[in-house]
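Colleague: Sequence and predicted structure below; questions after.
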Amino acid sequence: MDELLGPDGQPRPAAAELLRMLSSLKPDALDERQRAAEAEILTMGITFTVYSDGEDIDRAWPFDVVPRIIDGAEWDSVSAGLAQRLRALNLFIDDIYNDRRIIADGVFPEDLLNDSVNLRDQCRDMRPPNGVWAHISGSDLVRHADGDLYVLEDNLRVPSGVSYMLENRAVAKRTFPGLFERQSIRPVDSYTDELNRLLRAVAPDGVTDPQIAVLTPGVFNSAYFEHSFLAQRMGAELVEGIDLTVGDDGRVYMRTIDGLERVDVIYRRVDDLFLDPEVFRPDSLIGVPGLMRAWREGHVTIVNAPGAGVADDKVVYAWVPDIIRYYLAEEPIIANVPTWRCMYDDERRHVLDNLRELVVKPANESGGYGILIGDRATDEQLAASREAIEADPRNWVAQPILDLSTVPTVIDGTLAPRHVDLRPFILTRGIGPGESYVTPGGLTRVALPEGSLVVNSSQGGGSKDTWIVDLPEGAR
């Protein structure tokens, strides 16, 4: 399915203005704009890091100038569905670490929870501010040949990519300024203001003017550009673990040239297991000794909360529709992709009998690693996947190979269809309705090799700006 052209070859209504402009360009003009955008990205220093053969390689952010267009009316429903999903997931996480009603009522299996690599027993009996554990999330969406958007997976631990969404928009505005003047394209620029508002809203009780810090693993982390970008945009402090200490009073302090300054909210970009060497990995050099104690005592808020990753599991994902029904008494607004759970004998047999027709995924990998796409795998890869599933069924799920939508993309100076997905970002400051902010659009990722379905930048993927276009009355 082409997202800009309908089955009749005519532009979809929301894309009509863009296609008119593209068709009016002189030969080579689009390629010139692409090269100008790439030069601007180099000048602005927009980079990401690829780990290769023991080396950290900084590369310019891969950006394609042809935007992805989504109708505003469709996006209103998607936005509501994402907010619904995160309300339910936060209620689930809070329940798992406290009363476990969903297990007692037979809706969610206890053995699945006990085998979770992201369950943190150190978080039991915690009640974070406003009941929110996953404050910042990025749910990956794909559009199938039937035209509908589906949730492919949820990212609730330390989701990344929002800085590239914002920078993509800045470059797109300079590439196609006239289109922004002639259309109603929803802005994304308010994200950092919304994030700052969220971080202030979840400060510990009694703190009215919180000191906010962004905790980064350091300059060699693949997302360091984003950590620095967000801290600068919010006016927050960018700190590493060595910059923080927990005092005798149980509060977190930041070392400065003027002495210690209290920190009230930490937006952490460090994985759970490295946060506090007193509680998790004792060999962590990027964490803060005593941080978990300060969090449990309510002296500091950590965003996202430790332990939120218990719901960031591709096996748990299969239960999200039931989780929504259980906690909210509502039907899911956005559907999951059908998913087979290899932990169950009958579903595992189906997967093993149909490996060629399925995408097989490990439960807790990210970045596209460990995925097997059956119809593109070698016999050796299929055999290795079969062996891995049989050795550890809990760690594997499978989904059908979807016929993902395509968007025209500049390839060697000409337009060619390439598969895409979409990562919108959701900010959740409370559990009630209206307590979430969903970015209008998000980060569209592009599988640049012809026929590829792998969109991750670490594996050769690219990106596009995403335009949510509101049409005039009667234009749809």
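Modeller: Great, that's in hand.
Colleague: and D465, what element?
Modeller: strand 462-470 (DSSP states H and E).
Colleague: who does that strand pair up with?
Modeller: Strands that pair with strand 462-470, judged by DSSP bridges, come out as strand 64-71 (parallel), strand 184-185 (antiparallel), strand 443-446 (antiparallel).
Colleague: how about those in CSV, adding mean pLDDT and distance to S163?
Modeller: (Each C-beta comes from the backbone N, C-alpha and C, glycine too.) Below are these laid out as CSV (pLDDT from 0 to 100; distance: least, Cβ to Cβ, whole Å):
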stretch, mean pLDDT, distance to S163
strand 64-71, 96, 17
strand 184-185, 96, 20
strand 443-446, 96, 9
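Colleague: contacting residues around stretch 329-349?
Modeller: 77-78, 80-82, 84-85, 112, 141-142, 148-152, 314-315, 317-318, 320-321, 324-325, 350-351, 358, 389, 393-400, 402 (Cβ atoms under 8 Å, 6 or more residues apart in numbering).
Colleague: In that stretch, which residues are buried?
Modeller: The neighbour-count check on stretch 329-349 (16 or more other Cβ atoms under 10 Å) flags 332, 334, 336-337, 339-343, 347-348 as buried.
Colleague: N130: what's it in contact with?
Modeller: With Cβ under 8 Å, 6+ apart, N130 has these contacts: 201-202, 429-431, 435.
Colleague: same thing but 10 Å
Modeller: N130 is in contact with 90, 198, 201-202, 301, 428-432, 435, counting by Cβ atoms under 10 Å, 6 or more residues apart in numbering.
Colleague: now do V270
Modeller: V270 neighbours (Cβ under 10 Å, 6+ apart): 158, 215-218, 221, 227, 240-241, 276, 284, 286-288, 291, 302.
Colleague: which SSE is it in?
Modeller: Going by DSSP H and E, V270 is not in any helix or strand.
Colleague: what's the distance between it and N90?
Modeller: Distance of V270 to N90, given as Cβ to Cβ, to the nearest Å: 21 Å.
Colleague: and what of P472?
Modeller: Taking Cβ to Cβ, one finds P472 at 37 Å from N90.
Colleague: Which one's more surrounded, those two?
Modeller: Neighbour tally, P472 and N90, criterion other Cβ atoms under 10 Å: the higher count belongs to N90, 28 against 9.
Colleague: does the more buried one count as helix, strand or coil?
Modeller: Put simply, N90 is helix when judged by DSSP: H, G, I helix; E, B strand; the rest coil.
Colleague: Can you list the buried residues in stretch 9-24?
Modeller: In stretch 9-24, counting by 16+ other Cβ under 10 Å, buried: 11-12, 14-19, 22.
Colleague: Which secondary structure state is assigned to E347?
Modeller: Per three-state DSSP, E347 ends up helix.
Colleague: what's stretch 25-45 in contact with?
Modeller: Residues contacting stretch 25-45 (Cβ under 10 Å, 6+ apart): 21-22, 46-47, 58, 60-66, 164, 167-168, 170-172, 174-176, 225, 408-415.
Colleague: Please flag which of those residues sit within strands.
Modeller: If you go by DSSP state E, the contacts of stretch 25-45 have 47, 58, 60, 64-66, 408-411, 414-415 in strands.
Colleague: low-scoring pLDDT stretches of the chain, where are they?
Modeller: 49-57, 366-368, 457-459, 474-476 (pLDDT under 70).
Colleague: could you pull out the helices for it?
Modeller: Ranges of helices within the chain are 16-24, 29-44, 72-96, 101-104, 110-114, 162-175, 177-182, 191-201, 224-234, 291-296, 320-328, 345-353, 379-391, based on DSSP state H.
Colleague: Centre of the chain to the second one, how far?
Modeller: This points to helix 29-44. Remark: helix 29-44 is offset 26 Å from the chain centroid, using Cα atoms, centre = their mean, to the nearest Å.
Colleague: i'd like the first residue to be 22 from this point on
Modeller: Shifting the count to begin at 22 puts that one at helix 50-65.
Colleague: Report the backbone C-alpha coordinates of that helix in PDB.
Modeller: Output of helix 50-65 as PDB, limited to C-alpha atoms (Å, rounded to 0.1, in the frame of the first residue of the first chain):
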ATOM      1  CA  ALA A  50      15.600  19.500  -8.100                       C
ATOM      2  CA  LEU A  51      14.400  17.000  -5.500                       C
ATOM      3  CA  ASP A  52      17.900  15.400  -5.400                       C
ATOM      4  CA  GLU A  53      19.400  18.900  -4.800                       C
ATOM      5  CA  ARG A  54      17.000  19.400  -1.900                       C
ATOM      6  CA  GLN A  55      18.000  16.000  -0.500                       C
ATOM      7  CA  ARG A  56      21.700  16.900  -0.700                       C
ATOM      8  CA  ALA A  57      21.100  20.300   0.800                       C
ATOM      9  CA  ALA A  58      19.200  18.700   3.700                       C
ATOM     10  CA  GLU A  59      22.100  16.200   4.300                       C
ATOM     11  CA  ALA A  60      24.600  19.000   4.300                       C
ATOM     12  CA  GLU A  61      22.500  20.900   6.900                       C
ATOM     13  CA  ILE A  62      22.400  17.800   9.100                       C
ATOM     14  CA  LEU A  63      26.200  17.600   9.000                       C
ATOM     15  CA  THR A  64      26.500  21.200   9.800                       C
ATOM     16  CA  MET A  65      24.100  21.000  12.700                       C
END
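Colleague: Tell me the buried residues in that helix?
Modeller: 51-52, 54-55, 58-59, 61-62.
Colleague: okay if I get these as a markdown table plus distance to V286?
Modeller: Output for the buried residues of helix 50-65, formatted as a markdown table (distance: Cβ to Cβ, whole Å):
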| residue | distance to V286 |
| --- | --- |
| L51 | 44 |
| D52 | 46 |
| R54 | 41 |
| Q55 | 40 |
| A58 | 35 |
| E59 | 37 |
| E61 | 34 |
| I62 | 31 |
